[in-house]
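Visitor: Any chance you can model this:
(one chain, ligands or ions: 2)
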Amino acid sequence: MLKPYNTLTRKKEIFKPIKDKQVGIYTCGPTVYWYQHIGNLRSYILADILKKVFLYHNYKVKHVINVTDVGHLTSDADTGEDKIEMAAAKEGKKAEDIANFYWKIFREDFKKLRIAEPDIWCKATDNIKEQIELIKKLEKKGFTYKTNDGIYYDTSKFKNYGKLAKLRVEGLEAGKRIGMKEKKNVTDFALWKFSEKPGLRQQEWKSPWGLGFPGWHVECSAMSMKYLGENFDIHTGGEDHISVHHTNEIAQSEATTGKKFVNYWIHGAFLTFRGEKVSKSKGGLYTIEELERLGFKPLAYRYFCLGAHYRSPLDFTLDNLKNAQNSYERIKNIISELKDDKKINKKYLQEFEKAIDDNLDMPKAISILWGLLRDGNAYGKLRTIKEMDKVFSLDLSKKENLKIPKEIIKLVNEREKARKNKDYNESDKIRKEIRDKGYLIEDSDSGYIIKKA
Ligand code: AMP
Ligand code: ZN
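Guide: Ligands and ions are numbered 1, 2, ... in the order given. Prediction:
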């Protein structure tokens, strides 16, 4: 049985679902003002692996991912500009069009990386009513106060604020008073922001507190509980969300319902570039499309991610990715030559299951795959690998549709002719010529195979 690491308890725990053989998962989705970079995508590959492990174990999975299309400000301290409004102004487009454009690309990336679409996508702007209702409940219970720019959550009223991040709020209070404006506590955050000048923003709504828009954190509380219930199984996201975004989600949700919000919090470590967070200035901010233009296959990136444990930082360089792509192609080449003996290798499959259940240990699972491929005595390779690929999702047994140029096909035919005539000198010469042009010919019992060198 799956034993994930729970950020809440800082321990690996045996997963116990709320409903037998069912699991509800909420994943914090993209802020759709720009392309998602490969760092972001590492977090969604984690969520996908988690989901596929449950499906592998025949769970019924309900997976929800939100789309942040309003309210995420450039600064986490509830100041700065709304990222979507800013992009819309810069590109001279409607906010909705900006959001839909980047969301569409994000979904295309999902397809390329074989990340399954969630059962429910939910946009913040489609759920304004639910967010207002949640704020009203918080207000009724005395957790809110008004400043001149919005309605804020009073974190001092919530017992155990910061338990997820193990925050020591006192330290924060003493150290960081700048930028507080009218906030009562450093950790307080906006639930509803007022429109500074009505009509200036593209996205604003009427509310009991005036025209404005919801804060970023409130959308995830409102939508996750709407679709998964007031207490649900698993919430995932990148580890940067632990101390603010997820801490605030817990504060809002538990203050409203009086119940435990989420049973298991699973957080992914960052993709780094030369040891530092990927960023515009430091580099590494590639998109999948950019990697494709550089000759990489999206699934090689997925394979690259599976090579590190999700709780460890993973350092990205093009060289590292190239190595991963080579290994990935080698695996696919070996598999393309396997014969189906219609058997499953229970020993290897059990080892694989042990690895994925042990807090999604994918590097271990990949090494078991390699072990099976290299084991000269093992039976059932093809079908066992197909089972494993239900979780890996690397298209391992799908043959590549290699487009072979006419000139290569001509050379291959000439070589066949030479072989038939037993002119092995000539056939070797042609094989070398083919190799120099970037293709390999491999002979097997059932004929020859052409591959890219
Ligand atoms: P955002 O669109 O900024 O809300 O980010 C979307 C998701 O990507 C969140 O779950 C972040 O925690 C995650 N994320 C952002 N940067 C990285 C990174 N370098 N490596 C892994 N995950 C990241
Ligand atoms: Zn969220």
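
Visitor: Relative to ligand 1, which residue of the protein is the closest?
Guide: The chain approaches ligand 1 most closely through Gly238 (1.9 Å), counting by C-beta to the nearest ligand atom. In this view, the C-beta of every residue, glycine as well, is placed from N, C-alpha and C.

Visitor: Surely that residue and Ser43 touch.
Guide: Yes - between Gly238 and Ser43 there is a contact under C-beta atoms under 8 Å: 4.5 Å.

Visitor: what about these two, which has more around it?
Guide: Ser43 (27 against 20; other C-beta atoms under 10 Å).

Visitor: name the element that one belongs to?
Guide: Secondary structure assigned from DSSP states H and E places Ser43 in helix 38-56.

Visitor: what lines up beside the helix or strand following that helix in the sheet?
Guide: Once helix 38-56 ends, the next helix or strand along the chain (criterion: DSSP H and E) is strand 60-67. Counting by DSSP bridges, the strands paired with strand 60-67 are strand 22-27 (parallel), strand 120-123 (parallel).

Visitor: Kindly export the longest one (C-alpha atoms) in PDB.
Guide: Just to be clear, that refers to strand 22-27. Output of strand 22-27 as PDB, limited to C-alpha atoms (Å, rounded to 0.1, in the frame of the first residue of the first chain):
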ATOM      1  CA  GLN A  22     -11.400   6.100  -3.700                       C
ATOM      2  CA  VAL A  23      -9.200   9.200  -3.500                       C
ATOM      3  CA  GLY A  24      -9.700  12.900  -4.000                       C
ATOM      4  CA  ILE A  25      -6.700  14.900  -5.100                       C
ATOM      5  CA  TYR A  26      -6.400  18.700  -5.500                       C
ATOM      6  CA  THR A  27      -3.400  20.100  -7.300                       C
END
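
Visitor: Not counting its own residues, what contacts that strand?
Guide: Strand 22-27 is contacted by residues 15, 17-18, 43-44, 47, 50-51, 54, 59-66, 118, 220, 223-224, 227-229, 232-237, 262 when judged by C-beta atoms under 8 Å, 6 or more residues apart in numbering.

Visitor: Pull out the buried positions in that strand.
Guide: For strand 22-27, the neighbour count (16 or more other C-beta atoms under 10 Å) marks Val23, Gly24, Ile25, Tyr26, Thr27 as buried.

Visitor: Am I right that Lys339 is in contact with Leu382?
Guide: Yes - the pair Lys339 / Leu382 is scored as a contact, 7.1 Å apart, by C-beta under 8 Å.

Visitor: What backbone torsions are found at the spatially closest residue to Phe15 that is not a sequence neighbour?
Guide: Closest residue to Phe15 apart from its sequence neighbours, by C-beta to C-beta, 6 or more residues apart in numbering: Leu2 at 4.5 Å. Main-chain dihedrals, Leu2, degrees, to the nearest 10: phi -60, psi 140.

Visitor: which ones are touching Leu2?
Guide: Applying C-beta under 8 Å, 6+ apart, one finds that Leu2 lies in contact with Ile14, Phe15, Val53, Phe54, His57, Ile356, Asp357, Leu360.

Visitor: which residues touch the second one?
Guide: Residues in contact with Phe15, defined by C-beta under 8 Å, 6+ apart, are Met1, Leu2, Lys3, Pro4, Val23, Asp233, Tyr264.

Visitor: ok, now how distant is the second one from Lys52?
Guide: In this structure, Leu2 and Lys52 are 11 Å apart, going by C-beta to C-beta, to the nearest Å.

Visitor: what about stretch 257-268, distance to the chain center?
Guide: Relative to the centre of its chain, stretch 257-268 is centred 19 Å away, using C-alpha atoms, centre = their mean, to the nearest Å.

Visitor: Show me which of the contacts of strand 22-27 are buried.
Guide: For the contacts of strand 22-27, buried by 16+ other C-beta under 10 Å: 15, 17, 43-44, 47, 50-51, 54, 59, 61-66, 118, 220, 223-224, 227-228, 232-237, 262.

Visitor: about what we covered before: any idea which of the strands paired with strand 60-67 gets closest to ligand 2?
Guide: Closest approach to ligand 2 among the strands paired with strand 60-67 (C-beta to the ion): strand 22-27, 7.9 Å.

Visitor: circling back to that earlier point, between Lys339 and Leu382, which one's more packed in?
Guide: Neighbour totals were compared for Lys339 and Leu382, and Leu382 leads with 19 against 9 (other C-beta under 10 Å).

Visitor: which residues touch the nearest residue to Phe261 once chain neighbours are set aside?
Guide: Spatial nearest neighbour of Phe261, excluding adjacent residues (C-beta to C-beta, 6+ apart): Ser253 at 4.0 Å. By C-beta under 8 Å, 6+ apart, Ser253 lies in contact with Ser221, Ser224, Met225, Glu230, Phe261.

Visitor: at 7 Å instead, please
Guide: Counting by C-beta atoms under 7 Å, 6 or more residues apart in numbering, Ser253 touches Ser221, Met225, Phe261.

Visitor: Okay, and which of these map to helices?
Guide: Of the contacts of Ser253, the ones assigned to helices by DSSP state H are Ser221, Met225.

Visitor: tell me which parts of the stretch 201-350 of the chain are close to ligand 1?
Guide: By C-beta under 6 Å from any ligand atom, the residues of the stretch 201-350 of the chain that approach ligand 1 are Gly237, Gly238, Asp240, His241, Gly268, Phe270, Leu271, Lys277, Val278.

Visitor: Quick one: distance of stretch 79-92 to the chain centre.
Guide: On the basis of C-alpha atoms, centre = their mean, stretch 79-92 sits 25 Å off its chain's mean C-alpha point.

Visitor: got it, and stretch 203-220?
Guide: Chain-centre distance of stretch 203-220: 27 Å, with C-alpha atoms, centre = their mean.

Visitor: so, in contact with ligand 2 or not, that stretch?
Guide: Yes - where contact is defined by C-beta under 5 Å from the ion, part of stretch 203-220 touches ligand 2, namely Cys220.
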